[in-house]
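Trainee: Below are the sequence and a predicted model for it; my questions follow.
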Amino acid sequence: MQFGLYRTTPLAAAARLSSVLGKMTTNRGMKSSPDARKSLTDNERGQPSILNMEEFPSLSATKSIPYRKRRNKIDLITTSERRTEAVVVQNIGPLHGEASTSINDSYDTSLPANFGKKTPPSFCRKPKPGQNYQEHEVSTSINDSYDTSLPADFGKKATPSSFTRKPKPRQNYHEHEASKRNSNFSRGTDVDEPFDICFTEPRKSSHRRNSSHDKNSGKWVQKVQSSEENVHLEDITEKIDDVEYSVIERGEVLRPGMVLFKSYIPISEQRCQEFGRGPGGFYRPGYEDGAKLRLYMMCLGLDWNAQSRKYGDIRQHDNVKPPHIPDEFTSLVTKALDDSHTLIKQNFPTENVEDVLPKMSPDVCIVNFYNTNGRLGLHQDRDESKCSLRKRLPVVSISVGDSAEFLYGDERDADVADRVLLESGDVVIFGGESRHVFHGVKSIIPNSAPRELLENTNLRPGRLNLTFRKY
Ligand SMILES: O=C(O)CCC(=O)C(=O)O
Ligand SMILES: [Fe+2]
């Protein structure tokens, strides 16, 4: 797959991720059997595999891009459950927006008065005047509610009362109710079976997306139908003026050493058609007790073994050496860290920003692909070298495809964890004080990938995540 972005803009100097996702070739094309289903424990994690990269288009993260036309809400209802269970995902955008969760109320597209206007991103927490960095951090501890905080029941099954909840003003993200659809996470495969994350044939009937303009509401209404999963989804998209936000405006310091950049990688550059194809591609890792992680995995640079939790030059199940990390990806990571430093310095004046978030040049990338039923339990990334951990070198994480409900916090407890929606093109970085933050993927939001990405790449339903580290 190629993350293909070429940047010729002045800003483009930076991050060119080309085919990190680049071009891996191979003829593996295993398809998971729809019958092969298995539920797994929550405490899973995965990674390994290989890519053959030849040329990768560059992926640049420096361009200031229109701050998306966001889906306002998604009401996802399986045909058979239409009356009983629904998923409502409201995804107006991180800057402005409202949330409501309701089954029948889910088409309420009202937005805050300032929606779509260029105002300082409310997800960028800034210290109050006179506050220094530490004071700010104390005042914004985990249990405080920020502009970015989500309702306490975010991601939890809706209760009758929440069906009628009205949107709160100035919320950045949208609540969503995840329907407990039948598991369609494929058991995957034995460890040596390949898995392609992009369909090789154009999706014909399996995904049909149409949009039309509703003259009454003035909004774009998008309908998506997946006959494959017997899912009916209606996606109401808010058409907003193209407003450009700089990379820094799209950044937020989530906690000391932890930064989120929204839409850091333009959709046009999130190309992954060839990614993971060929020797060393995706496989379904398992633990020693036979349980499988609820994701597919492959690695770049070094292999990470889920059973031993150790890194190595060769992955054990097929003796393949992981492909190297393309230079474009390394540049992207460097650029993201530089931008993080700019953001941190802007918001929290500090003598040496590298004390807050050290620089890092990656030699490992763990690539995960989550089906729509995939997830990853809360965990810490502690398998890197003592030196890397001692220096608290950051992990840089890139998301592509369907959105994820990402949890993070000081404890391995989903109930008290903070959460954020990671959408296609978002970048999260955690290092320094946050290097050992617990984190995990609670759920993947079905049908939330940008249509343009699906059209460009034929990416199958699910989410691709790349985490760059220094061993
Ligand atoms: O998918 C993600 O966002 C997190 C992945 C992760 O934590 C890991 O691979 O260690
Ligand atoms: Fe992790």
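Mentor: Structure's in. What do you need? Residues are numbered from 1 along each chain as shown. Ligands and ions are numbered 1, 2, ... in the order given.
Trainee: Quick one: residues contacting the residue nearest to L407 when sequence neighbours are not counted.
Mentor: Among residues not flanking L407 along the chain, A417 sits closest, at 4.0 Å (Cβ to Cβ, 6 or more residues apart in numbering). Every residue, glycine included, has its C-beta placed from N, CA and C. Shown in contact with A417 (Cβ atoms under 8 Å, 6 or more residues apart in numbering): 378, 407-409, 411, 438, 440.
Trainee: Adding neighbour count, write these out as a markdown table.
Mentor: Below are the contacts of A417 laid out as a markdown table (neighbours: other Cβ atoms under 10 Å):
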| residue | neighbour count |
| --- | --- |
| L378 | 21 |
| L407 | 25 |
| Y408 | 21 |
| G409 | 19 |
| E411 | 11 |
| F438 | 19 |
| G440 | 24 |
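Trainee: Quick check: of those, which lies closest to M298?
Mentor: G440 (19.5 Å; Cβ to Cβ).
Trainee: Quick one: residues contacting the residue nearest to that closest one when sequence neighbours are not counted.
Mentor: Ranked by Cβ to Cβ, 6+ apart and with sequence neighbours excluded, the top spatial neighbour of G440 is L378, at 4.0 Å. Contact partners of L378, counting by Cβ under 8 Å, 6+ apart, are 407, 409, 412-414, 417, 438-440.
Trainee: Quickly check the residues you listed for the two that are furthest apart.
Mentor: D413 and H439 (12.3 Å).
Trainee: Can you name the residues of this structure that neighbour ligand 1?
Mentor: 45, 47, 366, 368, 376, 381, 397, 404, 406, 439, 441, 465, 467 (Cβ under 6 Å from any ligand atom).
Trainee: Can you tell me which of these end up in strands?
Mentor: Among the residues of the chain next to ligand 1, the members found in strands (DSSP state E) are 366, 368, 376, 397, 404, 406, 439, 441, 465, 467.
Trainee: what residue ranges in the chain score low on pLDDT?
Mentor: 1-193, 202-242 (pLDDT under 70).
Trainee: What residue in the protein comes nearest to ligand 1?
Mentor: Closest residue of the chain to ligand 1, Cβ to the nearest ligand atom: N465 (3.4 Å).
Trainee: State the distance from that residue to T334.
Mentor: Per Cβ to Cβ, to the nearest Å, N465 is found 19 Å from T334.
Trainee: secondary structure class for S340?
Mentor: With DSSP: H, G, I helix; E, B strand; the rest coil as the basis, S340 sits in helix.
Trainee: and it, how many neighbours?
Mentor: If you count neighbours by other Cβ atoms under 10 Å, S340 ends up with 27.
Trainee: what's the closest non-adjacent residue to it?
Mentor: Of all residues not flanking S340 in the chain, V259 sits nearest, at 4.4 Å (Cβ to Cβ, 6+ apart).
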